[in-house]
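Undergrad: Model the following, please.
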Amino acid sequence: MAETSSAATSTEGFTPSTTGGTPSVGRQGVEAADIVVIAVYFVLIMAVGIWSMVKANRGTVTGYFLAGRSMWWGPVNLDLDLYFKIGLSLYGSNIGSTSFIGLAGTGAASGIAVSAYELSGLFCLLLLAWLYIPVYISSAVTTMPQYLKKRFGGRRLQIYLSVLALIQYIFIKISADMFAGALFIQLALGWSLYPSILLLLAITAVYTIGGGLTAVMYTDAVSVCIMVIGAIILMVMAFVRVGGIETLITEYFQSIPDVRPPNTTCGVPTPEAFHLFRDATGSDLPWPGLVFGIFILSAWYFCTDQVLVQRSLAAKNMTHAKGGSILAAGLKILPLFLMVMPGMISRVLFKDDVACVTAEECMRACGNPASCTNIAYPKLVIELMPVG
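TA: Prediction:
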């Protein structure tokens with residue numbers, strides 16, 4: 001789960017490198033087609049953001065924070081005027097660069113269990129639409145801190161939640177998103193980390209600050225379509241390259257790096273790699289935590305987090321809020337196949353880089369002495385996808 005107000009959901013398996021060096025992964029040199037495609041993407045996002053800034057009603061609190069409560073769950077209205085899908089925005093706010101990096105990396109390291117975070121979100125999105133959103137809408141609020149003030153009175157809880165959310169987003173969500181997005185630019189173009197981060201911040205700030213929620217939701221829609229279509233193409237190419245699901249199951253357990261400490265189990269895949277429900281006492285994700293702990297965490301995140309709730313509050317009516325939640329819930333099935341399993345395939349194809357266990361080998365592979373599982377998805381993109 002990409003929204004990192006809950007760190008466990010959004011940055012699961014996500015370990016930013018502290019070296020700042022350029023990972024030595026992927027094809028050498030940047031082709032002109034690569035630069036053109038990336039430039040066209042940024043221009044498209046900026047164009048959509050600026051267009052929605054002009055379209056947005058930014059003169060009122062509701063217009064800025066809730067897009068004037070004019071959002072439909074479907075792509076168009078009866079006048080064929082393009083509207084944003086609430087479901088795509090819910091999904092896009094939850095899935096991002098940290099998901100592709102973190103979920104694929106954790107899949108490469110320990111198998112499919114990490115997808116439990118995504119699957120729990122499926123049920124919690126429906127809980128949001130049928131139980132929580134009617135309460136929020138009837139309260140006539142635009143933000144979650146405002147709801148706490150109305151519900152309990154006074155300003156202490158309102159201020160506390162506002163400050164807590166800002167701290168969480170700055171130090172957990174935004175920092176992880178910036179690193180993950182910059183990592184893709186770093187691998188594709190060979191730029192250093194900090195110029196890549198500044199580019200992402202500048203582009204996002206222009207339309208986010210200027211256009212409010214309307215601009216964010218429109219650009220979310222475009223980004224989600226590009227992400228899902230591209231991820232499906234890469235998933236198909238990855239499964240073809242590895243030889244199918246049966247070959248993946250067999251070879252994943254054999255994807256042990258050649259260089260590792262002797263007489264240890266370092267680098268050896270867990271035998272529960274393809275188990276969603278794992279042993280209650282000796283596994284990395286015991287089933288009681290999956291059933292009870294993750295669901296509570298997801299319910300808090302999907303049903304009370306400002307970023308997620310704000311999308312549903314922008315709906316024209318309850319029908320569109322529920323329709324958007326159903327669409328987003330259905331899309332939550334995809335990360336298992338689009339991110340986690342490709343990460344496992346990346347380990348099979350590039351075991352000495354993705355699954356490295358010694359500091360020397362990891363420094364060679366990705367510039368991070370701790371681990372290189374974070375490069376599982378970018379490595380797959382760069383090595384399997386054609387130029388451009």
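
Undergrad: Could you check which helix or strand contains the residue lying closest to residue 161 once chain neighbours are set aside?
TA: In space, and not counting its chain neighbours, residue 161 is closest to residue 145: 4.7 Å by CB to CB, 6 or more residues apart in numbering. For the C-beta atoms, the positions are set from N, CA and C on the backbone; glycine is no exception. Assessed by DSSP states H and E, residue 145 sits inside helix 144-152.

Undergrad: Next up, the contacts around the residue nearest to residue 280 when sequence neighbours are not counted.
TA: Leaving aside its sequence neighbours, residue 280 sits nearest to residue 286 (CB to CB, 6+ apart; 4.6 Å). When contacts are counted by CB atoms under 8 Å, 6 or more residues apart in numbering, residue 286 touches 278, 279, 280.

Undergrad: Can you say which of the residues you listed are buried?
TA: For those, a neighbour count by 16 or more other CB atoms under 10 Å gives the buried set as residue 278.

Undergrad: Is it possible to get TSV of the contacts of residue 286 that adds pLDDT, distance to residue 136 and secondary structure?
TA: Output for those, formatted as TSV (pLDDT from 0 to 100; distance: CB to CB, whole Å; DSSP: H, G, I helix; E, B strand; the rest coil):
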residue	pLDDT	distance to residue 136	secondary structure
278	89	36	strand
279	89	40	coil
280	88	36	coil
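
Undergrad: picking that back up, just checking, the residue nearest to residue 161 touches residue 158?
TA: Yes: the pair residue 145 / residue 158 is scored as a contact, 4.3 Å apart, by CB atoms under 8 Å.

Undergrad: what about the top helix by length along the chain, distance to the chain center?
TA: For the chain, the longest helix by residue count, based on DSSP state H, is helix 193-242. A distance of 10 Å separates the centroid of the chain from that of helix 193-242, by CA atoms, centre = their mean, to the nearest Å.

Undergrad: helices and strands around it, which ones?
TA: The contact analysis (3 or more CB pairs under 8 Å, 6 or more residues apart in numbering; DSSP states H and E) places helix 193-242 against helix 32-55, helix 61-65, helix 86-94, helix 175-189, helix 245-252, helix 341-349, helix 376-384.

Undergrad: Give me the packing partners of the fourth one, helices and strands only.
TA: Right, the one you point to is helix 175-189. Here helix 175-189 is seen to pack against helix 32-55, helix 97-110, helix 193-242, helix 376-384 when contacts are counted using 3+ CB pairs under 8 Å, 6+ apart.

Undergrad: just for the stretch 51-200 of the chain, where's the confidence low?
TA: 52-85, 188 (pLDDT under 70).

Undergrad: tell me the most buried of the helices and strands packed on helix 175-189?
TA: Comparing the helices and strands packed on helix 175-189 by mean neighbour count (mean count of other CB atoms under 10 Å), helix 97-110 ranks first with a mean of 29.
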